[in-house]
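Colleague: sequence and computational prediction follow.
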Amino acid sequence: MRKIILYIATSLDSFIARTDGSIDFLDALAPPSNTEDYGYNTLLGQIDSTLMGRKTYDSIMAMDMPFPYPDKKNYVFSRTQQQPSLDFVRWINDDVVNFVKNLKQQEGKDIWLIGGGTINTLLLNAQLIDEIQLALVPIFLGEGIPLFEKPLHESTFAINKIKHCHTGLIMLQLLPRQLST
């Protein structure tokens, strides 16, 4: 079965972006060389699909660059907006949890959950996230778009790996853990 991997950066107060969607606070931690990319290229090699919400898609499209994942199947979830699908983007209005359950059963590589907070919460609450690669950015934003929204069900993860990067960022690999009763 394919894995859902949430690979994402968050501030110390658990915000993935500023209130306006800006991720400018990540600029100071851009990898200084090709030798340290925070596992990004490894992730890209193990996936063939991405999942994201419409606001995350809009933020990506607002960047001054071509769409970064044209070689992947990209699923964009939206309750309201439906745009024409591109060759590499498919708009989904279906139930997120059921769609992802079915997608995990299909043949293919792992799937990158890009975010944002709404889809992260839905998939965490449904216990569909198989791994979290979390980049902790040493900054408190005070407000912004949260990593997870409420209501959030209790979930237990084990820290599998910790990597301290010389830029100040800490990479955590978290795996779901079942508690014995």
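Modeller: Now that the structure is in, tell me what you want to look at.
Colleague: quick check: end-to-end length of stretch 6-26?
Modeller: Stretch 6-26 stretches 17 Å from its first residue to its last (C-alpha to C-alpha, to the nearest Å).
Colleague: buried set for it?
Modeller: 6-11, 14-18, 23, 25-26 (16 or more other C-beta atoms under 10 Å). C-beta coordinates here come from the backbone N, C-alpha and C atoms, glycine included.
Colleague: do the same with stretch 101-116
Modeller: Leu103, Lys104, Asp110, Ile111, Trp112, Leu113, Ile114, Gly115, Gly116.
Colleague: and if you look at stretch 142-159?
Modeller: For stretch 142-159, a neighbour-count test (16+ other C-beta under 10 Å) marks Gly144, Ile145, Pro146, Leu147, Phe148, Glu149, Phe157 as buried.
Colleague: in helices only, show me the buried residues of stretch 101-116.
Modeller: Using DSSP state H, the subset of the buried residues of stretch 101-116 located in helices is Leu103, Lys104.
Colleague: for the buried residues of stretch 101-116, which one is nearest His153?
Modeller: Of all those, His153 sits closest to Leu113, with 16.6 Å by C-beta to C-beta.
Colleague: show me the beta-bridge partners of that closest one.
Modeller: When assigned by DSSP bridges, Leu113 has beta-bridge partners Leu6, Leu51.
Colleague: wait, it sits on Ile5?
Modeller: Yes. The pair Leu113 / Ile5 is scored as a contact, 6.5 Å apart, by C-beta atoms under 8 Å.
Colleague: so what sits against both of these two?
Modeller: Common contact partners of Leu113 and Ile5 (C-beta atoms under 8 Å, 6 or more residues apart in numbering): Ile129.
Colleague: with secondary structure, distance to Phe140 and pLDDT added, can I get the buried residues of stretch 6-26 in a markdown table?
Modeller: A markdown table is the format used below for the buried residues of stretch 6-26 (DSSP: H, G, I helix; E, B strand; the rest coil; distance: C-beta to C-beta, whole Å; pLDDT from 0 to 100):
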| residue | secondary structure | distance to Phe140 | pLDDT |
| --- | --- | --- | --- |
| Leu6 | strand | 21 | 98 |
| Tyr7 | strand | 22 | 98 |
| Ile8 | strand | 17 | 97 |
| Ala9 | strand | 14 | 96 |
| Thr10 | strand | 11 | 97 |
| Ser11 | strand | 6 | 96 |
| Ser14 | coil | 10 | 97 |
| Phe15 | strand | 9 | 97 |
| Ile16 | strand | 14 | 97 |
| Ala17 | strand | 14 | 95 |
| Arg18 | coil | 12 | 95 |
| Ile23 | coil | 15 | 91 |
| Phe25 | helix | 10 | 92 |
| Leu26 | helix | 14 | 89 |
